[in-house]
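>>> what shape does this take:
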Amino acid sequence: MTCKEAREYMMDAAGANPVEGLDEHLRACASCAQELESMRRTMALLDEWQAPEPSPYFDSRLRARLREVAAEPGSWLGWLRGPAIAFALAVLMVVGIALFHSAPTHEVATNPRPNPTNVVRVGTAVGDLQELEHDGDMYANFDLLDDLGTQAGTANP
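Down below sits the predicted model:
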């Protein structure tokens, strides 16, 4: 057992709870043994200590003082402080929202928004229909390619 591990178990050992392997370490390590003995003495002193009793009139004097404080008139500055803070926060919120909404929006000119009719959304029904329409336009031009192929074939016998 290392000193660090022994220190983790010292409170248990000081309270008369045996910890396996700690006795061997304490026989070999004088500083840990001294620390454990110091903890045991401290705990013994705490067991003997008793808190002093309050004076018999403590509760009645405390209640009288609380009544005095509650009866004292508050200053106008204290009364004003609460609403002033709330008003200042409300003004800050209004100004912040106004600045946020009035800020100009900047759009990047190099990346204009695409035309929604040219957008192909792959994997959706609308995208598939747009792709088929585009393919139909492409296949309509195959007749011209066929005509070119037959003309080229007759030119080179």
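>>> average pLDDT for the lengthiest helix in the chain?
Looking across the chain with DSSP state H, the single longest helix is helix 76-102. Regarding helix 76-102, the rounded mean pLDDT is 83.
>>> repeat for stretch 8-18
On average, stretch 8-18 scores 78.
>>> now do stretch 29-41
89.
>>> put the alpha carbons of that stretch into CSV.
The C-alpha coordinates for stretch 29-41 follow below in CSV (Å, rounded to 0.1, in the frame of the first residue of the first chain):
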residue,chain,number,x,y,z
CYS,A,29,5.9,4.3,7.4
ALA,A,30,6.5,6.6,10.4
SER,A,31,4.9,9.7,8.8
CYS,A,32,1.6,7.9,8.1
ALA,A,33,1.6,6.4,11.6
GLN,A,34,2.1,9.9,13.1
GLU,A,35,-0.6,11.3,10.9
LEU,A,36,-3.1,8.6,12.0
GLU,A,37,-2.2,9.2,15.7
SER,A,38,-2.8,12.9,15.2
MET,A,39,-6.2,12.2,13.6
ARG,A,40,-7.2,10.0,16.5
ARG,A,41,-6.2,12.7,19.1
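>>> what comes up buried for it?
Using 16 or more other C-beta atoms under 10 Å as the test for burial, stretch 29-41 gives 29, 32, 35-36. Bear in mind the C-beta positions are built from the backbone N, C-alpha and C, glycine included.
>>> just those now: which is nearest M93?
Closest approach to M93 among the buried residues of stretch 29-41 (C-beta to C-beta): E35, at 56.9 Å.
>>> spit out the contact partners of R7.
Under the criterion of C-beta atoms under 8 Å, 6 or more residues apart in numbering, the contact list for R7 reads 32, 35.
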